[in-house]
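Asker: Quick one, what's the 3D model for this:
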Amino acid sequence: MTSLRMQIAINDAVANAQHMQGLVERLRAVDPALAQAIEGKALIASKTPWGTAVATLAAYISSKYALGWDESTDELVALGGMLVGSYIMRMISPARITGIVTPTPLPARIVTPGAP
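Answerer: The predicted structure follows:
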């Protein structure tokens, strides 16, 4: 599907949806990645915490054993690895987190302030 056709199909899905679950169902047929990003997932199923832990561990091990620095420097490098790893994992994991163990279901209707 070309980009323009996909954009038109997404716009039609949004315009014709009556509620959030209907929107996700329509988008799943057109653009499954967008539907998953809207629907969200559980934190335990996300790559974010696991990637951050691996980045922290890799930074600590490399500074402790490969570079031979003192303990406080090793911990600072591990902290920097955790910070950088968390930003990188959030960039590559676009789905929003809606729960810890299980994803929270979408509300049937979203009420915006000031709407009739």
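Asker: all helices of the chain, in order?
Answerer: Along the chain, the segments classed as helices by DSSP state H run 3-16, 20-30, 32-39, 48-61, 71-92.
Asker: how close does E71 get to S3?
Answerer: Applying CB to CB, to the nearest Å, the value for E71 to S3 is 53 Å. Backbone N, C-alpha and C define where each C-beta goes, glycine included.
Asker: likewise I61?
Answerer: 43 Å.
Asker: More neighbours: which of the two?
Answerer: Neighbours per residue, other CB atoms under 10 Å: of I61 and S3, the larger number sits with I61, 14 against 7.
Asker: Do you know the pLDDT at that one?
Answerer: pLDDT, I61: 89.
Asker: What of T112?
Answerer: 51.
Asker: and L67, what does it touch?
Answerer: Applying CB atoms under 8 Å, 6 or more residues apart in numbering to L67 gives no contacts.
Asker: phi, psi of it?
Answerer: Torsion angles at L67 (phi, psi; degrees, to the nearest 10) stand at phi -100, psi -20.
Asker: gap between the residue nearest to T98 when sequence neighbours are not counted and M20?
Answerer: By the measure of CB to CB, 6 or more residues apart in numbering, the closest residue to T98 outside its immediate chain neighbours is G40, 3.5 Å from it. For G40, the distance to M20 (CB to CB) stands at 11 Å.
Asker: Now do the contacts for E75.
Answerer: Contacts of E75 (CB under 8 Å, 6+ apart): Y60.
Asker: Make 57 the first number, not 1, from now on.
Answerer: Sure, I'll start counting at 57 from here, so that last one is E131.
Asker: For this protein, give me the ranges with low pLDDT.
Answerer: Within the chain, the stretches with pLDDT under 70 are 57-58, 161-172.
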